[in-house]
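In: Need coordinates for the below:
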Amino acid sequence: MNLQYTLIQLMKKKNITIKTLSELTNISEATLKRLRTRDSNPTIDVLIKLAKNLDVTLNELIGRMPSDVKTYYQGDSLILEECKKECIFIFKKQTFNFRPGAKAIFRIYTGKEELTKYLLDKNGSVMKKVSSDPLIIENTEHKLYEIDKKDIIAYIIKQLYEVNYA
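Out: Purely as a prediction, here's the structure:
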């Protein structure tokens, strides 16, 4: 399957017109028509808007089988069984230096690695490491507290890029 086929099928399934999808996503009708009728190379911004508004993952939208890299949106609970080694995390709201639409790769923490600057807990909350020993973190309200390393599920390895997601 490819994006053309998947987009047509999802729109039929959800009974949504090009005009309505254009209004929901702020993607022009001309662009949506082009995506439905011929091979194209849409930006990640366009793909994310489509996936969000059609309620599917990016992999489902482009017709790929799920890979080992799971995508989570800020506010999602992280499920360890789904996130084998690494996961992509997409920010929905301003958090520390991440704007809405910023993407980052987080790696599952096994207890052996050095923890990097940003951490995730099991609820998908982002925390900022302030000190290593003891592990002092800052939450999104800028409050400091000590946390046990067993409460950490993942740590950031790379900030990817930003897209217009809001």
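In: Please make it C-alpha for all contacts and neighbour counts, starting now.
Out: Fine.
In: How far away from the center of its chain is the worst-scoring helix or strand of the chain on mean pLDDT?
Out: The weakest-scoring helix or strand in the chain, judged by mean pLDDT, DSSP states H and E, is helix 58-61 (a mean of 78). Taking the mean of its C-alpha atoms, helix 58-61 sits 12 Å from the chain's own mean (Cα atoms, centre = their mean, to the nearest Å).
In: Quick check: next helix or strand after it?
Out: Note on helix 58-61: by DSSP states H and E, the next helix or strand toward the C-terminus is strand 70-73.
In: by contact count, what packs against that next one?
Out: Helices and strands in packing contact with strand 70-73 are listed as strand 86-90; criterion 3 or more Cα pairs under 8 Å, 6 or more residues apart in numbering; DSSP states H and E.
In: Heading C-terminal from the strand it packs on, find the next helix or strand.
Out: strand 103-108.
In: what's the single longest strand in this protein?
Out: Longest among the strand segments of the chain by residue count, using DSSP state E, is strand 152-159.
In: and it, average pLDDT?
Out: Across strand 152-159, pLDDT averages out at 86.
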